[in-house]
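S.K.: Here's my sequence, what's the structure:
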Amino acid sequence: MSETLKQKTARGLFWGGLSNGLQQILSLIFGIVLARILDRSDYGMVGLLAIFVAIANTLQESGFTVALANKKEVTHKDYNAVFWCSTFIGAGMYVLLFFCAPLIADFYGKPELIPLSRFLFLGFLISSTGTAHNAILFRNLMVKQKAISQIIALTISGIVGITLALNGLAYWGLAIQSITYILVVTFCFWFFSPWQPTFSFDFSPLKKIIGFSSKVLLTNIFTQFNNNLFTTLLGKFYSVDDVGLYAQASKWNSMGYSLINGMTNGVAQPVLRQIANEPARQLNVFRKMLRFTAFISFPAMFGLALIAKELILITVTDRWLPSVPMLQMLCIWGAFFPINTLYSNLILSKSNSKIYMWNTITLGLLQLVVMLLVYPYGIYNMILFFVSINVGWFFIWHYFVRRQLHFSLKHALMDILPFAFIAGVCIVAAYFLTKEINNQYLLLLSKILITFVLYIFCMWVTKSVTFKESLAYLLRKKHDKK
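M.R.: Predicted coordinates for the structure are as follows:
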């Protein structure tokens, strides 16, 4: 990479990591407080609507963000066309789902979902007005500005959610918290973006990106379908309490892998796109990103599985203990999630949105079929199959990347498995070394410290290049601040 691209990538990873770290800490604090106030059914009520909100959000965004990032030159007309198109789609989707609310409530057999869904659906209507602004921040690697926006929104919405929950609003507090976050983050995107829309309705620029964006759109719909499939099936086949338990486990898992995914996802696709015409250089950059992702992801997610029981007991009390085995299984998938996302970003950087689309659709359909076959055997078996399919899909992603960059599976595993193996050994060692500790707080702290020290020691002994480069960058940042 040129020095400029190196600096942009490093800065993006730094701000992405810092932002997601702060967001996870804030989410942890607010999540603990809310989980102690609210019941499983409160989380379950909001969780039942997750798939509808997610797919509607995806429809209004329509893949424009990635499409604009892949376009060589972008003008005001491009952004303006995207802004108005996304806004009109968001408005149309809201009207449609507003009148479909009774059908959704009938599907789950819960009439309370009618007003709740109509309120929650306002979220994608609001966020549709920020699609173009988000695309500008993403395309120009303005990770710092996005980070500030998200942290401000998370803080304000968290305070609102806790205040409402304390005043007895139950699941309505969670719904209002969600809308508050979307409202604030959209406002901040407008504030930080150097571009503003105009009242000119020229949609002709969309013709140049619609072929690419339509495939990304369809893919994103299936991605949201995949991510929310469990909640939907649980709501249909199991109780609201089961949905709440899974939502709690999924929330902690998501907080874990989002920290890593947020670091790499904000820079990977734009950076890889800039060097898409230089295969050897792109492969070198991709492998560095892959090693960095594995270096962070495996110890973080395996570590989360290790402390799952103590974390749940201390933070949200023993009434959520049944979610512990769910969380531990999901953490295995969570470790591979950022890696699979990085692979998909490489596919997109090559303008192969068709491969990206069909790969994701196939995964979604396979999951649906397997889940429908497995659900009679219980929720834990469903999760086990869900995790196995998603982890195994790494090999499918690699097959297509190998065709693009002649990147062998052997080299990919050499980049990934050492970090997974060392992280696993450290986790097992920490488990046995702390087995006799009875105090939950001391046990939690001991597991974290021992795992961290052992992992860093192993990285140092094995002379990991990724570890040395990361450490050198952090020390340089610290020196620059002085």
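
S.K.: now the strands for the stretch 101-250 of the chain?
M.R.: With DSSP state E, counting those that start in this stretch as the definition, the stretch 101-250 of the chain shows no strands.

S.K.: what about it, any weak spots by pLDDT?
M.R.: Low-confidence segments of the stretch 101-250 of the chain, defined by pLDDT under 70, span residues 211-214, 216-217, 219-220, 222-236, 238-240.

S.K.: can you give me the helices in it?
M.R.: Using DSSP state H, counting those that start in this stretch, the helices of the stretch 101-250 of the chain run over 113-120, 122-127, 131-139, 143-166, 171-192, 210-237, 240-274.

S.K.: and if you look at the stretch 301-450 of the chain?
M.R.: Taking DSSP H, counting those that start in this stretch, the helices of the stretch 301-450 of the chain run over residues 308-316, 324-349, 353-374, 379-405, 409-433, 440-461.

S.K.: With respect to burial, which of these scores highest?
M.R.: Mean neighbour count (mean count of other Cβ atoms under 10 Å) peaks for helix 324-349 among those, with a mean of 23. For the C-beta atoms, the positions are set from N, CA and C on the backbone; glycine is no exception.

S.K.: Give the buried residues for stretch 155-173.
M.R.: Residues of stretch 155-173 classed as buried: 155-158, 160-162, 164-165, 169-173 (neighbour count, 16 or more other Cβ atoms under 10 Å).

S.K.: With distance to L34 as extra columns, can I get those in CSV?
M.R.: CSV is the format used below for these (distance: Cβ to Cβ, whole Å):
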residue, distance to L34
T155, 14
I156, 15
S157, 11
G158, 8
V160, 11
G161, 6
I162, 6
L164, 10
A165, 6
L169, 11
A170, 11
Y171, 11
W172, 13
G173, 8
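
S.K.: quick check, nearest of these to G303?
M.R.: Checking these against G303 with Cβ to Cβ, the nearest one is G158 at 24.4 Å.

S.K.: residue contacts, the closest one?
M.R.: Neighbouring residues of G158 by Cβ atoms under 8 Å, 6 or more residues apart in numbering: 26-27, 29-30, 177.

S.K.: Quick one: buried ones out of the residues you listed?
M.R.: Here, 16+ other Cβ under 10 Å leaves 26-27, 30, 177 buried among the contacts of G158.

S.K.: would you turn those residues into CSV with distance to L137?
M.R.: Formatted as CSV, these follow (distance: Cβ to Cβ, whole Å):
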residue, distance to L137
L26, 20
S27, 21
F30, 24
Q177, 23
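
S.K.: So what's the residue count around the closest residue to L174 other than its chain neighbours?
M.R.: Closest residue to L174 apart from its sequence neighbours, by Cβ to Cβ, 6 or more residues apart in numbering: V46 at 4.8 Å. By other Cβ atoms under 10 Å, the residues close to V46 number 25.

S.K.: for the one 4 residues further on, same thing?
M.R.: One way to gauge burial is a neighbour count; for A50, by other Cβ under 10 Å, it gives 20.

S.K.: How much space separates Y246 from A132?
M.R.: 35 Å (Cβ to Cβ, to the nearest Å).

S.K.: Can you give me every residue that contacts N167?
M.R.: G173.

S.K.: Now do the same for K478: its pLDDT.
M.R.: For K478, the model assigns a pLDDT of 48.

S.K.: oh sorry, the question was meant for L384
M.R.: 90.

S.K.: Spatially nearest residue to it, not counting backbone neighbours?
M.R.: Per Cβ to Cβ, 6+ apart, closest to L384 is M329, 6.1 Å.

S.K.: That neighbour touches I383, doesn't it?
M.R.: Yes: using Cβ atoms under 8 Å, M329 is in contact with I383, at 5.0 Å.

S.K.: Give me the common contacts of the two.
M.R.: In contact with both M329 and I383: no residue, using Cβ under 8 Å, 6+ apart.

S.K.: now whatever helix or strand L290 lives in: mean pLDDT?
M.R.: Following DSSP states H and E, one finds L290 within helix 279-306. Helix 279-306 carries an average pLDDT of 89.

S.K.: For it, buried residues please.
M.R.: Within helix 279-306, the residues that qualify as buried are 282-283, 285-306, counting by 16+ other Cβ under 10 Å.

S.K.: So which other helices or strands are in contact with it?
M.R.: In terms of contacts (3 or more Cβ pairs under 8 Å, 6 or more residues apart in numbering; DSSP states H and E), helix 279-306 is packed against helix 240-274, helix 324-349, helix 379-405, helix 409-433, helix 440-461, helix 465-481.

S.K.: Any idea how many residues pack against F191?
M.R.: That count, for F191 with other Cβ under 10 Å as the rule, works out to 12.

S.K.: let me fix that: A472
M.R.: 10.

S.K.: any idea how far it lies from T466?
M.R.: 11 Å.

S.K.: repeat for L365
M.R.: Distance from L365 to T466, by Cβ to Cβ: 36 Å.

S.K.: And T341, by the same measure?
M.R.: Distance of T341 to T466, computed by Cβ to Cβ: 18 Å.

S.K.: Surely V46 and Y171 touch.
M.R.: Yes: under the criterion of Cβ under 8 Å, V46 makes contact with Y171 at 5.5 Å.

S.K.: any shared contact partners between these two?
M.R.: L116.

S.K.: before we move on, the earlier item: which secondary structure element contains the residue nearest to L174?
M.R.: Element membership for V46 (DSSP H and E) is helix 40-48.

S.K.: by contact count, what packs against that helix?
M.R.: helix 113-120, helix 171-192, helix 210-237, helix 240-274.

S.K.: rerun at 10 Å
M.R.: Packing partners of helix 40-48 (3 or more Cβ pairs under 10 Å, 6 or more residues apart in numbering; DSSP states H and E): helix 3-37, helix 76-108, helix 113-120, helix 171-192, helix 210-237, helix 240-274.

S.K.: In this structure the residue nearest to L384 contacts N390, no?
M.R.: No: using Cβ atoms under 10 Å, M329 is not in contact with N390; the gap is 11.0 Å.

S.K.: Between the buried ones among the contacts of G158, which sits nearest V428?
M.R.: S27 (28.5 Å).

S.K.: Leaving out sequence neighbours, find the closest residue to the closest one.
M.R.: M255 (5.6 Å).

S.K.: and if you look at F121?
M.R.: L97 (5.0 Å).

S.K.: hang on, isn't the one you found packed against I114?
M.R.: No: here L97 does not reach I114: they are 11.3 Å apart, not a contact under Cβ under 10 Å.

S.K.: what is in contact with the two at once?
M.R.: 103-104 (Cβ atoms under 10 Å, 6 or more residues apart in numbering).

S.K.: Would you mind telling me which of these two has more residues around it?
M.R.: Using other Cβ under 10 Å, the more surrounded residue of L97 and I114 is L97, with 22 against 16.

S.K.: Before I go, just wanted to say thanks for your time.
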